[in-house]
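Asker: Provided below are the primary sequence and the corresponding predicted coordinates.
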There are 2 protein chains.
Amino acid sequence: MTEPTNSAARRRLTLDDLTVGQRFVSGTYALDADEIRGFAQVYDPQPFHLDDASAQATLFRGLAASGWHTAAITMRLNVESGLPLEGGIIGAGAEISWPRPTRPGDVLRVESEVIEITPSRSRPDRGMATVRSETKNQRDEVVQVLVAKLVLPRRVVAPGQP
Amino acid sequence: MTEPTNSAARRRLTLDDLTVGQRFVSGTYALDADEIRGFAQVYDPQPFHLDDASAQATLFRGLAASGWHTAAITMRLNVESGLPLEGGIIGAGAEISWPRPTRPGDVLRVESEVIEITPSRSRPDRGMATVRSETKNQRDEVVQVLVAKLVLPRRVVAPGQP
């Protein structure tokens, strides 16, 4: 198991280390037409994700990545560098939208903000953080908005301490 | 461009062909530990998606697929056989949750239901359908619930017809 170098060097955050309004920025991820088509061939084989000429005649007006490809790249960026969370990034659920397509040649990054922190009432060792992640391209246009509920451990407190 | 054989043979549905409560069932997709690890290496490199031994000590208690992998497989199933929609499956946004993990050896299928149909007020040629898709494993356990807003064309009506 190799951990991404970026985050291995950083202190990982528990629920108790987070504050509402806290922001994180990931590194970048460049994708090309071959990767867009490769993902689509396996998981979303539709003309607008496979072939630029076919895509011109559709709502997309040109080759566009599958929304699930953008979601997967967003996860990679948050795992590698965006969200250094103790125990990893474990999502219980999310809302997702794609305001505009991801295109060949795009360079994506993720800007995240903590919007809610909810300690578990039944489990004193964990809780839930709601994190809003905007995935942006090299022109600062938002290609995906993800509001995810993440399960996080609490900071371990020695017995008897408050 | 090759279309999946299943759906090529079926009539594709416009917004006007859908009714609330209409149901669809996809074919199946079997995945193994190698595919789970392969997706995770590229898009979600976390121990519980990469290595069974490491995963035992986590919330997952054993190797589990990335939620985004389950989402991608769900898309593939709906594109190939689940949802024969005119113009393809184009999502504007969605809510997604993962009630339990997808495991090596799972055989997934998708059961979808139309829950809302909203013709566009500004564009008479299109509208939005909300579709709830449950992804189930071979034990009929739900591994993912996806409620997606899909953009769909309306049936073309000749000028002068109601």
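Answerer: Okay, I see it.

Asker: tell me which parts of chain A are close to chain B?
Answerer: By Cβ under 8 Å from any Cβ of the partner chain, the part of chain A that sits against chain B consists of A:1, A:4, A:39, A:42-48, A:50-51, A:54, A:58-59, A:66-69, A:71-73, A:75-76, A:79-80, A:87-98, A:151. Every residue, glycine included, has its C-beta placed from N, CA and C.

Asker: ranges for the strands of chain A?
Answerer: In chain A, the strands defined using DSSP state E lie at A:23-30, A:90-97, A:107-119, A:126-136, A:142-153.

Asker: just to revisit the earlier point, list only buried entries from the residues of chain A next to chain B.
Answerer: Buried subset of these (neighbour count, 16 or more other Cβ atoms under 10 Å in any protein chain shown): A:39, A:43-48, A:50, A:58, A:66-69, A:71-73, A:75-76, A:79-80, A:87-91, A:93-98, A:151.

Asker: pull the helix or strand with minimum mean pLDDT from chain A.
Answerer: helix A:5-8 (a mean of 44; mean pLDDT, DSSP states H and E).

Asker: any weak-confidence spans in chain A?
Answerer: Low-confidence segments of chain A (pLDDT under 70): A:1-10, A:157-162.

Asker: in helices only, show me the residues of chain A next to chain B.
Answerer: A:39, A:42-43, A:47-48, A:50, A:54, A:67-69, A:71-73, A:75-76 (DSSP state H).

Asker: just give me the closest of those residues to A:Lys136.
Answerer: Distance to A:Lys136 across these (Cβ to Cβ) is lowest for A:Ile73, with 11.9 Å.

Asker: what about the closest residue to that closest one other than its chain neighbours, distance to A:Met75?
Answerer: With Cβ to Cβ, 6 or more residues apart in numbering or on different chains as the criterion, A:Ile73 has its nearest non-adjacent residue at 5.2 Å, and that residue is A:Tyr29. Using Cβ to Cβ, to the nearest Å, A:Tyr29 is found at 11 Å from A:Met75.

Asker: re earlier: need the strands of chain A in TSV (columns: distance to A:Leu15).
Answerer: Below are the strands of chain A laid out as TSV (distance: least, Cβ to Cβ, whole Å):
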stretch	distance to A:Leu15
strand A:23-30	15
strand A:90-97	12
strand A:107-119	6
strand A:126-136	4
strand A:142-153	4
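
Asker: between those strands, which one is nearest to B:Ile115?
Answerer: Nearest to B:Ile115 among the strands of chain A is strand A:90-97 (16.1 Å), distances taken as Cβ to Cβ.

Asker: what's the closest one in contact with?
Answerer: By Cβ atoms under 8 Å, 6 or more residues apart in numbering or on different chains, the surrounding residues in contact with strand A:90-97 are A:67, A:71, A:128, A:144-152, B:48, B:59, B:67, B:92-98.

Asker: the nearest residue to A:Asp32 once chain neighbours are set aside and A:Gln138, how far apart?
Answerer: In space, and not counting its chain neighbours, A:Asp32 is closest to A:Pro104: 5.4 Å by Cβ to Cβ, 6+ apart. Counting by Cβ to Cβ, the separation of A:Pro104 from A:Gln138 is 12 Å.

Asker: more neighbours, those two?
Answerer: Neighbours of A:Pro104 and A:Gln138, each counted by other Cβ atoms under 10 Å in any protein chain shown, are more numerous for A:Pro104; the result is 16 against 12.

Asker: doesn't A:Ala55 make contact with the more buried one?
Answerer: No. When contacts are counted by Cβ atoms under 8 Å, A:Pro104 is not listed as touching A:Ala55 (10.5 Å).

Asker: can you pull the residues that touch both of the two?
Answerer: Residues touching both A:Pro104 and A:Ala55 (Cβ under 8 Å, 6+ apart) are A:Leu63.

Asker: does A:Gln144 touch A:His69 like I think?
Answerer: No. Contact criterion Cβ under 8 Å: A:Gln144 and A:His69 do not qualify, at 10.2 Å.
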